[in-house]
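Enquirer: build me a model from this:
(chains A and B)
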Amino acid sequence: MISRKLIILLSVLLPIIMVCSYFAAQFIYQNDKKILHVSVSQPDASIMINGRQVQSGDTYLKPGKYILSVNKSGYYEYRKIITIDKDNVSFEISPTAEPDRIVEAFELGDAGYKKLVTDNPIISKLPYEDPLFTIDYTIYGSVVNGYSIRLTISSTTASSRRMAIQEIRGLGFNPTDYKVDFLSFKSEIK
Amino acid sequence: MNIKKTSIIISTVIVVLMVAGFMLYDSLSTKNIHFTSTYPDTKISITSRNNQTTTATITGDQYIKLKTGVYSAQYQNNELNHDSFDVVINNDTQDINLDPNYSGVKLYSILKTEDVSIKKIISTSYKSNNYIVSNEKLYHRAEWFSCSLIIYKINPFSGSGLGDPDNYDDYHIVLKKDETSKKWVVVGKPSLLLNKLNNPSIPDYVLADLIKSN
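Expert: Next up is the predicted model:
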């Protein structure tokens, strides 16, 4: 009988103790702390304060200086020294996407390279070497914008430049589908 | 006698039902297709595989009753291109938008009148004495123009030096006539190869035609 009473008492008390502990902990933790609110336009970006990962939204910090950094693949790192003083602080961060650049095939990984070849089947025919010209490609792009190819035509004479364009057609592709860089060629048009 | 009467009635009913069935199928397989055209008063003839021809003039919105199938269509207006083209009507077809081209003769006659103003735009945009304009062409309804600028190096002995295939490069250029100002504007700047990615406003058939002239 006693033990039954005790069980009932404990089952009532325990949740009360837990709730009280939660609020006590919250009070102790948040005491003298200010809210740093961080929101990032890229939802899956990694937010770090002094190298410790935090969630976007509110973080309680004691007054002082902190390093806030935001990282996401394909975007420049956002890094800023922030000062928490008397007031709560809020940051809305929009990471800047890295610009398109020439990339090496290995940077795409196997799956990325396979997709590139599927999207640009001309890759399987390149480099195409003719005694008068060479048609090759470079991979161009970024994580954010995706990757595409630019054809490169190496030729030293005007007639071989024209022949190279026709050779792309001969390989079964439409030259107008591609951005083409004519290496060692300077346009006469101003 | 009664049996004979009954059998006549039954066979009559069967025949009537069969005819009604065929008529119902015919009306259900005929669709009312909504035709529009970018050219005013487009006269078009649409011929089915069994040589049944429907002619119509598309003025604004026009509905033409057609069964599902593949038709051969041809514009009838004098100044339009008369090459026949396929019109496919399937179960999902509801609208057909026509966008006729001018005939080659019409485009050529317009080119003769526009040639001076187009060349003036080119010569003011790209100042050089060492080029000739070739393969001039108008497309669609004369609002697109393309040509080659053959830019050559001066040969001190033969003058232009065009006889030497390595002495000139073939630049492609595309102009469009602005709808409001009616003036020609360069939309595809001179390049050895104009591509679709950098020139999304230029129709594919213009870009494709340019590389044929290489």
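Enquirer: any idea how many residues pack against the spatially closest residue to A:V89 that is not a sequence neighbour?
Expert: Closest residue to A:V89 apart from its sequence neighbours, by CB to CB, 6 or more residues apart in numbering or on different chains: A:L36 at 5.3 Å. For every residue, glycine as well, the C-beta is placed using N, CA and C. Neighbour count for A:L36, taken as other CB atoms under 10 Å in any protein chain shown: 20.
Enquirer: now tell me what touches stretch A:84-103 from outside.
Expert: Stretch A:84-103 is contacted from outside by A:34-42, A:45, A:61-66, A:68, A:70, A:72, A:74-78, A:80, A:82, A:138-145, A:147, using CB atoms under 8 Å, 6 or more residues apart in numbering or on different chains.
Enquirer: related to what we said a few turns ago, C-terminal to the one helix or strand the residue nearest to A:V89 maps to, what's the next element?
Expert: For A:L36, the element it lies in under DSSP states H and E is strand A:34-40. Going down the chain from strand A:34-40, the next helix or strand is strand A:46-49, by DSSP H and E.
Enquirer: what helices or strands is the helix or strand following that next one leaning on?
Expert: Next in sequence after strand A:46-49, counting helices and strands by DSSP H and E, comes strand A:52-54. With contacts defined as 3 or more CB pairs under 8 Å, 6 or more residues apart in numbering or on different chains; DSSP states H and E, the packing partners of strand A:52-54 are strand A:46-49.
Enquirer: ok, the strand it packs on: who's next to it in the sheet?
Expert: strand A:52-54 (antiparallel), strand A:64-71 (antiparallel) (DSSP bridges).
Enquirer: what is the neighbour count of the closest residue to A:R169 other than its chain neighbours?
Expert: Of all residues not flanking A:R169 in the chain, A:P175 sits nearest, at 6.2 Å (CB to CB, 6+ apart). Number of residues near A:P175 (other CB under 10 Å) recorded here: 26.
Enquirer: A:P175: what's it in contact with?
Expert: A:P175 is in contact with A:165, A:168-169, B:193, B:195, B:211, counting by CB under 8 Å, 6+ apart.
Enquirer: among those, name the buried ones.
Expert: Among those, the ones that count as buried by 16 or more other CB atoms under 10 Å in any protein chain shown are A:165, A:168, B:193, B:195, B:211.
Enquirer: pick the one among those closest to A:S124.
Expert: The closest of the buried ones among the contacts of A:P175 to A:S124 turns out to be A:I168 (CB to CB; 13.7 Å).
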